[in-house]
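K.L.:
Show me how the following folds:
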Amino acid sequence: MIRAESELAAMVRVDLAKCAFPIRRLPNIEQQMAHSDKAAQARISQDPRAALALQVIQELNKAGFLGYLAGGCVRDALLERTPKDYDVATNARPEQIRDLFGRKRTLAIGAAFGVISVLPTTAGSAEPVEVATFRSDGAYTDGRRPDSVHFSSPELDAHRRDFTINGMFLDPLRGEVIDFVGGRDDLAHGFIRAIGDPVARFTEDKLRLLRAARFATTYNFAIEQQTMAAIVSHAADVMVCSGERIGAEMRRLISSPYAARGLMLLRESRLAEHLMPGVAAAWRDDVKFQYAQRLLSNLAPEFAVRLAGIGHSVGDNDAVGDNTFGESAGSVLKELGERWRLANDELHAAQQALDFLPSLRRASELPWSRLQPLLIARYRDTAVELARGVLVITGGEFTDAWKRIAAELSRSAEDLNPPPLLTGDDLIRMGMRPGPNFRELLAKLRDSQLDGEIATVAEAVEIARRNFT
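P.N.:
Numbering: from 1, shown residues only. Sure, this is the predicted structure:
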């Protein structure tokens, strides 16, 4: 996570024009999409993690059924990305899938929605593959799942999905992409477009409001005009979703290489007002908002680091690097933790980074006894990375601080954190009784050791006897 000093100058300037709305499409997408369906087929066939899905499709075909790869894996293969998982769609009914692959090799956990999990023949050799029957969905009264499903055709199944880029199928045995919704064209032009009526799609599953922004961010695409208008008018509905689902999407958006543009999308779509009202209120100040964009663009993609960056951007830092903080940054972390159901580790790491930042920015001035505890703390990497990012974007006068931090972190583990010359047990063996000044004495001994004022146990014992009362 820690970057070399030589990278500082190159990272100082961020082109804020690239953060303007609407988001631009992925560079060179036409060249990427010029590859044929066969190229997508070849990419998938070369991925060992696709083996089970391809085997399932072969077995379905042998039994007289259709079998296609569906959704995100088709999208990613066409974008020359390696898919993270593979889903299969078929005209076989759930009971037919179970009969074909056997009860011991299938799980019916999602059977109510036409989904059967097919297990690998050897335990632990691969992840199960979800095999879904082509379907149409009934009403969505809970804003998340259909109340009922009706088995249908590939075309109707494609039209019940969320966005065109996720609505394609691939017949991997013939190397043919099957596209009923214009997904290939939207991939070529870099658009996130709802399938059919965007209001209907967002009414069915409110999380799609946020997923549109997340897909646009992670793929560096624009949101199509009607789809964006529907998000703006229904932004408040996103809060129907559980905090866990919201948090999962926000982690991916904020950790994206295009997070700065993602922030703009959240702001322009009005999703930010509901997902993070405290942050959105602070970001009405364009200076603070642009500071947040620049900072996230210069931070490593770890979520806790960027979460701390968001907290810093709304704190009493006047958005140009003042060392002071009010309570607003901490209250923002609390708000996001509750709304996004974040893990305690993530929140603690971000809070520690904010707490350490004023001292780390003055690292060149601090005695080693004050800097060293910060560089051995549990969430040290998060704190150091936030400090690095802030130092980068607030100007060259702070590079001495980064030089000091980088130099100290290059020490060996033993040199960075040597054993104390005396411990509490040592003091007790010397006949000293624990009391109010016990901890203060140990801290004084440790500071003197780190600052090079004492170097031996004998010197520490002498100071201890002289100072203990």
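
K.L.:
Pull the contacting residues for the closest residue to residue 107 other than its chain neighbours.
P.N.:
The shortest distance from residue 107 to any non-neighbouring residue, by Cβ to Cβ, 6 or more residues apart in numbering, is to residue 117 (4.2 Å). Yep, even glycine has a C-beta here, placed from its N, CA and C like the rest. Residues near residue 117 by Cβ atoms under 8 Å, 6 or more residues apart in numbering: 106-107, 109-110, 128-131.

K.L.:
Any idea how many residues pack against residue 228?
P.N.:
Residue neighbour count, defined by other Cβ atoms under 10 Å, stands at 23 for residue 228.

K.L.:
Please verify my assumption that it contacts residue 270.
P.N.:
No. Residue 228 is beyond contact range of residue 270, at 10.5 Å (criterion: Cβ atoms under 8 Å).

K.L.:
all helices for the stretch 1-150 of the chain, in order.
P.N.:
Assigned by DSSP state H, counting those that start in this stretch, the stretch 1-150 of the chain shows helices spanning 8-11, 29-33, 37-45, 51-62, 72-78, 94-101.

K.L.:
ok now stretch 149-165, how far from the chain's centre?
P.N.:
Distance of stretch 149-165 from the chain centroid (Cα atoms, centre = their mean, to the nearest Å) equals 28 Å.

K.L.:
er, stretch 270-278 I mean
P.N.:
With Cα atoms, centre = their mean as the basis, stretch 270-278 stands 18 Å off its chain's centre.

K.L.:
Give the buried residues for it.
P.N.:
For stretch 270-278, the neighbour count (16 or more other Cβ atoms under 10 Å) marks 270-276, 278 as buried.

K.L.:
Okay, and which of the residues you listed map to helices?
P.N.:
Applying DSSP state H to these, the entries found in helices are 271-275, 278.

K.L.:
Phi and psi next, for the nearest residue to residue 182 once chain neighbours are set aside.
P.N.:
Residue nearest to residue 182 in three dimensions, not counting chain neighbours: residue 164, with 5.2 Å by Cβ to Cβ, 6+ apart. The phi/psi pair for residue 164 (degrees, to the nearest 10) reads phi -60, psi -40.

K.L.:
List the contacts of residue 164.
P.N.:
181-183, 185-186, 191, 193-195.

K.L.:
please redo it, this time with the cut-off set to 10 Å
P.N.:
Residue 164 is in contact with 75, 158, 179-187, 191-196, 224, 227, counting by Cβ atoms under 10 Å, 6 or more residues apart in numbering.

K.L.:
Quick check: PyMOL command selecting the buried ones in the residues you listed.
P.N.:
Selection of buried members from the contacts of residue 164 for PyMOL, criterion 16+ other Cβ under 10 Å:
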select buried, resi 75+158+179+180+181+182+183+184+186+187+191+192+193+194+195+224+227
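
K.L.:
Let's see which of the contacts of residue 164 end up in helices.
P.N.:
75, 158, 183-187, 227.

K.L.:
Arrange those in a markdown table, one row each, with distance to residue 312 as further columns.
P.N.:
Listed next are the ones in helices among the contacts of residue 164 as a markdown table, based on distance: Cβ to Cβ, whole Å:
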| residue | distance to residue 312 |
| --- | --- |
| 75 | 35 |
| 158 | 44 |
| 183 | 39 |
| 184 | 41 |
| 185 | 41 |
| 186 | 36 |
| 187 | 36 |
| 227 | 32 |
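
K.L.:
Considering those, which is situated nearest to residue 346?
P.N.:
Residue 346 lies nearest to residue 75 out of these, by Cβ to Cβ, at 28.6 Å.

K.L.:
Looks like that closest one contacts residue 84 (just checking).
P.N.:
No. The pair residue 75 / residue 84 is not scored as a contact, 11.3 Å apart, by Cβ atoms under 10 Å.

K.L.:
before we move on, back to that, now tabulate the contacts of residue 117 in CSV and tack on neighbour count, pLDDT and distance to residue 333.
P.N.:
Shown next, in CSV, are the contacts of residue 117 (neighbours: other Cβ atoms under 10 Å; pLDDT from 0 to 100; distance: Cβ to Cβ, whole Å):
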residue, neighbour count, pLDDT, distance to residue 333
106, 20, 94, 44
107, 15, 94, 39
109, 12, 87, 36
110, 14, 84, 36
128, 15, 93, 37
129, 24, 95, 39
130, 21, 96, 36
131, 28, 97, 42
